[in-house]
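**Q** Structural data only, the sequence is not supplied:
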């Protein structure tokens, strides 16, 4: 299947760098210079994944997210920014962004992130054929991004039944509780993950952050364990 991706960024060098790296990784890449240009592109083609710059002349990234939400355009948007903060991260997530990437970045970083996002997309499109621990875990991450917490919990229960000796499901359950502003339960889940594997760093980072945040969630610092799954 052709793996299409749209890059929306006003900086030519970034567009060229991303296009070259992703094309080499097997993606079919299109580019747009701002939000208006991006809207024209999606009128003609369906892009499962979009890389979207936050700050652009004309229609910026946040306005583009609002536009595609109103159009009910189904895609997975990764925000690229050198200006991101907690408030814009929260707002972008509410509008449907699935992840953030800060400038500057290495081409390998964006390739790894896009492949992860695309893998979640393919699992969603073929959810009836999901099997195995990793598939359930990755689909749970996707449903967490969509704020479908009940479905995510069910997927994590299935993942745990397949392999009860893995810490990842408990870390994600902690994230669900934290996003629902239930810090006490979140910290219990992070501790449960560490009881299974004391060396599992995502749970360690999340537990420390949750204890310090006192209910104030920094979405950019939540560790879903993507690098270790």
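**A** Happy to help now that I have it. Predicted model, so just to flag it, every value in this text is computed and none were measured. Residues are numbered from 1 along each chain as shown.
**Q** now the farthest one out in the chain, which residue is it?
**A** residue 195 (26.4 Å; C-alpha atoms, centre = their mean).
**Q** can you tell me the helix or strand for that one?
**A** helix 183-196 (DSSP states H and E).
**Q** Run through who's touching that helix.
**A** Contact partners of helix 183-196, identified using C-beta atoms under 8 Å, 6 or more residues apart in numbering, comprise 165-168, 170-171, 173-175, 177-178, 200, 202-204, 206-207, 210-211, 213-215. Where you see a C-beta, it was placed from the backbone N, CA and C, and this is true even at glycine.
**Q** all strands for the chain, in order.
**A** Along the chain, the stretches classed as strands by DSSP state E are 4-8, 28-32, 49-53, 76-81, 97-102.
**Q** Quick check: residue 27 vs residue 106, distance?
**A** Separation of residue 27 from residue 106 (C-beta to C-beta, to the nearest Å) stands at 17 Å.
**Q** higher neighbour count, these two?
**A** residue 27 (21 against 10; other C-beta atoms under 10 Å).
**Q** Find the nearest non-adjacent residue to residue 30, please.
**A** residue 6 (5.0 Å; C-beta to C-beta, 6 or more residues apart in numbering).
**Q** okay, now that neighbour: neighbour count?
**A** By the criterion of other C-beta under 10 Å, residue 6 has 23 neighbours.
**Q** still on that earlier bit, which of the contacts of helix 183-196 are buried? Put it as a ChimeraX command.
**A** Filtering the contacts of helix 183-196 down to the buried ones (16 or more other C-beta atoms under 10 Å) takes a single ChimeraX command:
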select :166,167,168,170,171,173,174,175,177,178,200,202,203,204,206,207,210
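**Q** Could you list which of the contacts of helix 183-196 belong to helices?
**A** 168, 170-171, 173-175, 177-178, 202-204, 206-207, 210-211, 213 (DSSP state H).
**Q** Report the two of those residues separated the most.
**A** Spanning the widest gap among the ones in helices among the contacts of helix 183-196 are 168 and 213, at 21.4 Å by C-beta to C-beta.
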